[in-house]
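Student: Need a 3D model of the sequence below.
(one chain, ligands or ions: 3)
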Amino acid sequence: MRKIEFLDTSLRDGEQTPGVNFSINEKVMIAKQLEKWGISAIEAGFPAASPDSFEAVKIIAETLTKTAVTGLARAVKSDIDAVSKALKNAKFPQIHVFIATSPIHMAYKLKKSPDEVLASITEHVSYAKSLFDVVEFSPEDATRSEKPFLLKAVQAAVDAGATYINIPDTVGFTTPTEYYETFKFLIENIVSDREIIFSPHCHDDLGMATANTLAAIKGGAGRVEGTINGIGERAGNVALEEVAVALQIRQDYYQATSDIVLNETFATSELVSRFSGIPVPKNKAVIGGNAFAHESGIHQDGVLKNPETYEIITPELVGVKKNSLPLGKLSGRHAFNEKINELGFADVSEDTRQSLFAKFKTLADKKHDITDADIRALVAGTTVENPKGFQFDTLFITSNQDGTQTVTISMKNEGEEVIDTVATGSGSIEAAFNAIDTFFNHTVKLDSYNITAVTDGIDAQAEVHVTVENIDTGTIFNANGLDFDVLRASAIAYSNANTLVQRENAGIITKKISEKANPDL
Ligand SMILES: CC(=O)SCCNC(=O)CCNC(=O)[C@H](O)C(C)(C)COP(=O)(O)OP(=O)(O)OC[C@H]1O[C@@H](n2cnc3c(N)ncnc32)[C@H](O)[C@@H]1OP(=O)(O)O
Ligand SMILES: CC(C)C(=O)C(=O)O
Ligand SMILES: [Mg+2]
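Tutor: Ligands and ions are numbered 1, 2, ... in the order given. Below is the predicted model of the structure:
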């Protein structure tokens with residue numbers, strides 16, 4: 001049996017999803033959970049992108065103890081230097097250097113001839129190798145590159161010292177058979193006196209990312225790259241949880257295993273979903289809400305007689321557990337702490353536990369059964385870090401005789417001073433959003449608004465998800481709000497989204513990288 005390594009890029013390619021902006025704290029929490037899930041490497045970001053990206057990679061590198069941490073760099077020396085500085089204290093540092101090799105990317109985007117691209121690969125992979133023991137190289141848009149040139153590019157990277165060769169299907173163009181043949185071709189033809197590990201990096205534009213990734217494994221890949229829940233640029237990356245579970249269920253066919261701790265899958269997916277603001281669809285493979293539900297009579301009959309008639313994956317395999325220790329308003333700190341640990345949040349500090357316990361008690365006064373989903377929602381929280389901006393505090397609503405609603409919103413500023421604004425709207429949510437708009441010196445367009453209940457039942461907590469566009473920059477931001485009351489949850493989500501816009505306008509977060517963006521360089 002071969003052992004397949006997993007590299008997660010949720011914090012780099014995953015963050016390229018329109019609307020997704022993880023805070024540094026969120027990134028660190030995700031990184032720790034990914035380590036627990038058993039990945040061998042994490043692409044923690046693109047350090048040259050912004051001070052925020054640099055800092056996140058640096059903190060993750062200083063936090064993880066078992067997992068290799070890598071950062072992305074263009075074939076640009078200052079990008080490579082930024083990765084080197086950010087990973088100075090990593091226990092197992094790696095670097096990922098990329099440059100495109102397809103005719104269209106070379107001619108139109110890079111404006112370089114094939115020979116210039118080959119020279120750039122040699123120069124920059126050698127430079128990266130002078131700073132790192134472990135160098136990964138990606139010929140971007142590999143699947144639309146001409147095979148003989150792709151081989152030359154990969155050989156140049158290997159000769160310059162690359163250990164990992166990643167073959168990105170950048171635009172989700174390839175098919176399983178074609179990708180399998182690409183891996184076979186490269187692995188058979190590359191010349192090296194040391195072991196070279198190849199990996200797929202698939203995007204899901206044609207819905208084939210998982211099939212393509214598995215085909216690459218069949219073709220000899222030793223590491224896979226992807227994201228949790230398949231978040232990522234456009235239609236997203238391959239969902240790593242699908243690959244991990246497929247390898248487990250079809251070990252007979254792939255003759256390969258991994259170190260992924262499958263029963264941490266649900267917790268990992270849940271955390272990424274919450275922080276990315278992207279709900280997992282009910283019918284999503286492996287971790288969707290319906291993945292283990294049986295509706296029709298013949299299926300139910302079969303499952304009652306023998307679950308294996310229609311169930312190839314058990315809920316237990318991916319960590320979907322029944323509530324083992326129910327909590328309610330009479331539960332005390334010990335039971336609460338036990339539950340926090342059981343749900344995988346043993347690292348939560350004593351101070352945070354105290355404040356979570358207070359929130360739990362407030363919730364338990366209103367809600368009869370507190371489920372694991374409620375506790376996870378409480379722990380993950382939905383507050384955007386914004387030490388220098390407004391934080392939602394309270395709201396008050398009145399109905400007017402003409403059918404309109406008036407909402408007073410109170411926000412706290414940096415100095416904990418409470419400031420109120422009042423606005424009217426045709427409905428309560430419009431009134432609340434109008435009031436919140438007056439706190440900010442920018443204009444946003446509300447692109448979408450969704451409410452989901454965290455659990456079933458009339459007393460469920462509401463989770464509101466909004467997507468707004470910063471009119472000045474065109475950047476899209478997702479944000480969540482969680483509360484027992486739908487209007488409050490909406491106000492929290494909308495003020496969180498505005499906070500992200502404010503941070504972008506202040507230059508604190510950016511989706512663009514720039515060689516000069518990092519003041520350290
Ligand atoms: C397939 C992927 O996922 S690749 C990773 C995608 N991630 C990102 O792009 C992160 C956010 N992106 C950014 O911040 C910007 O688009 C950047 C950094 C790429 C470029 O920032 P800017 O300096 O403002 O330049 P801009 O975005 O306008 O153009 C990109 C430049 O990098 C060049 N470039 C792109 N990829 C590479 C590469 N792998 N190696 C070397 N140069 C590259 C382009 O040719 C272009 O060069 P030019 O300015 O000489 O024309
Ligand atoms: C940077 C590379 C590996 C990438 O994300 C892609 O080509 O999709
Ligand atoms: Mg990609």
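
Student: surely Ile197 meets Arg223?
Tutor: Yes - with contact defined as C-beta atoms under 8 Å, Ile197 counts as touching Arg223 (5.4 Å). Quick note: C-beta positions are derived from backbone N, CA and C, even for glycine.

Student: Looking at the two, which is more packed in?
Tutor: Set side by side, Ile197 and Arg223 show more neighbours around Arg223, with 23 against 16, by other C-beta atoms under 10 Å.

Student: if we can go back for a sec, who touches both of Ile197 and Arg223?
Tutor: Common neighbours of Ile197 and Arg223 are listed as Glu5, Tyr164 (criterion: C-beta atoms under 8 Å, 6 or more residues apart in numbering).

Student: What residues does this protein have near ligand 2?
Tutor: If contact is defined as C-beta under 6 Å from any ligand atom, the residues of the chain in contact with ligand 2 are Asp13, Leu72, Phe98, Ser138, Glu140, Asn166, Pro168, Thr170, His201, His203.

Student: Leaving out sequence neighbours, find the closest residue to the last one.
Tutor: Leaving aside its sequence neighbours, His203 sits nearest to Gly172 (C-beta to C-beta, 6 or more residues apart in numbering; 3.8 Å).

Student: quick check, that neighbour in a helix?
Tutor: No - applying DSSP: H, G, I helix; E, B strand; the rest coil, one finds Gly172 to be coil, outside a helix.

Student: and the two most separated of the residues of the chain next to ligand 2?
Tutor: Farthest pair in those (C-beta to C-beta) is Leu72 and His203. Separation: 15.4 Å.

Student: shaky segments in this protein?
Tutor: Residues of the chain meeting the criterion pLDDT under 70: 294, 322-326, 380-389, 456, 508-521.

Student: how close does Asn478 sit to Thr17?
Tutor: Taking C-beta to C-beta, to the nearest Å as the measure, Asn478 and Thr17 are separated by 8 Å.

Student: Check the contact between Ile24 and Ser53; I expect there is one.
Tutor: No - if you go by C-beta under 8 Å, Ile24 and Ser53 don't touch, sitting 9.4 Å apart.

Student: Which one's more surrounded, these two?
Tutor: Ser53 (29 against 18).

Student: what packs against the helix or strand containing the more buried one?
Tutor: Counting by DSSP states H and E, the element that carries Ser53 is helix 51-63. Packing partners of helix 51-63 (3 or more C-beta pairs under 8 Å, 6 or more residues apart in numbering; DSSP states H and E): helix 24-37, strand 41-45, strand 68-74, helix 77-86.

Student: Return the list of strands paired to the third one, each annotated with direction.
Tutor: Partner strands for strand 68-74, per DSSP bridges, with pairing direction: strand 41-45 (parallel), strand 93-100 (parallel).

Student: now those strands in CSV, with distance to Ser428?
Tutor: Rendered in CSV, the data for the strands paired with strand 68-74 read as follows (distance: least, C-beta to C-beta, whole Å):
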stretch, distance to Ser428
strand 41-45, 39
strand 93-100, 48
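
Student: Most remote residue from the middle of this protein, which is it?
Tutor: For the chain, the residue at maximal distance from the C-alpha centroid (C-alpha atoms, centre = their mean) is Gln401, at 46.3 Å.

Student: Next one: it from ligand 2, what distance?
Tutor: Using C-beta to the nearest ligand atom, to the nearest Å, we find Gln401 at a distance of 57 Å from ligand 2.

Student: could you dump the longest helix along the chain to CSV, C-alpha only?
Tutor: The longest helix of the chain (DSSP state H) is helix 486-505. What follows is helix 486-505 as a C-alpha-only set of coordinates in CSV (Å, rounded to 0.1, in the frame of the first residue of the first chain):
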residue,chain,number,x,y,z
VAL,A,486,-33.2,36.6,13.4
LEU,A,487,-33.0,40.5,13.3
ARG,A,488,-30.1,40.6,15.7
ALA,A,489,-28.3,37.9,13.7
SER,A,490,-28.9,39.9,10.6
ALA,A,491,-27.6,43.1,12.1
ILE,A,492,-24.5,41.3,13.4
ALA,A,493,-23.8,39.8,9.9
TYR,A,494,-24.2,43.1,8.2
SER,A,495,-22.1,45.0,10.6
ASN,A,496,-19.4,42.3,10.3
ALA,A,497,-19.5,42.6,6.5
ASN,A,498,-19.1,46.4,6.8
THR,A,499,-16.2,45.9,9.2
LEU,A,500,-14.4,43.8,6.5
VAL,A,501,-15.0,46.6,3.9
GLN,A,502,-13.7,49.2,6.4
ARG,A,503,-10.6,47.0,7.0
GLU,A,504,-10.1,46.7,3.2
ASN,A,505,-10.4,50.5,2.8
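
Student: angle of it against helix 51-63?
Tutor: In terms of direction (axes from the mean of the first three to the mean of the last three C-alpha atoms, to 10 degrees), helix 486-505 departs from helix 51-63 by 100 degrees.

Student: Which strands or helices does helix 486-505 pack on?
Tutor: Other elements packing on helix 486-505 under the criterion 3+ C-beta pairs under 8 Å, 6+ apart are strand 391-399, strand 405-412, helix 428-437, strand 444-453, strand 462-470, strand 476-483.

Student: Just give me the neighbour total for Val468.
Tutor: Using other C-beta under 10 Å, Val468 has 26 neighbouring residues.

Student: Same check on Pro114?
Tutor: Taking other C-beta under 10 Å as the neighbour definition, Pro114 ends up with a count of 16.

Student: you'd agree it is up against Ser145?
Tutor: No - no contact is recorded between Pro114 and Ser145 when judged using C-beta under 8 Å, the distance being 9.7 Å.

Student: For the two, list the residues in contact with both.
Tutor: The contact sets of Pro114 and Ser145 overlap at Thr101 (C-beta under 8 Å, 6+ apart).

Student: What sits closest to whichever residue of the stretch 201-350 of the chain sits closest to ligand 1 if chain neighbours are left out?
Tutor: Distances between the stretch 201-350 of the chain and ligand 1 by C-beta to the nearest ligand atom are smallest at Glu233, namely 5.6 Å. Excluding the flanking residues, the one nearest Glu233 by C-beta to C-beta, 6+ apart is Gln16, at 4.4 Å.

Student: Quick check on the one you found: phi, psi?
Tutor: Backbone dihedrals for Gln16, given as degrees, to the nearest 10, come out at phi -80, psi 0.

Student: Give the burial count for it, as a bare number.
Tutor: Neighbour count for Gln16, taken as other C-beta under 10 Å: 17.

Student: How about Asn450?
Tutor: Summarising burial for Asn450: neighbours were counted as other C-beta under 10 Å, giving 13.

Student: mind listing what it touches?
Tutor: Neighbour list for Asn450: Pro279, Val464, His465, Val466 [criterion: C-beta under 8 Å, 6+ apart].

Student: That one and ligand 1: what is the separation?
Tutor: The span separating Asn450 from ligand 1 equals 27 Å under the rule C-beta to the nearest ligand atom.

Student: what pairs with that residue across the strands?
Tutor: Using DSSP bridges, the bridge partners assigned to Asn450 are His465.

Student: Likewise for Val418?
Tutor: With DSSP bridges applied, the residues forming beta bridges to Val418 are Lys412.

Student: What count of nearby residues applies to it?
Tutor: When neighbours are counted by other C-beta under 10 Å, Val418 registers 10.

Student: show me the contacts for it.
Tutor: Contacts here follow C-beta under 8 Å, 6+ apart; on that basis Val418 touches Asp393, Ser410, Met411, Lys412.

Student: Could you work out the most separated pair of those residues?
Tutor: Between all members of the contacts of Val418, the longest pairwise span (C-beta to C-beta) is found for Ser410 and Lys412 and amounts to 7.6 Å.
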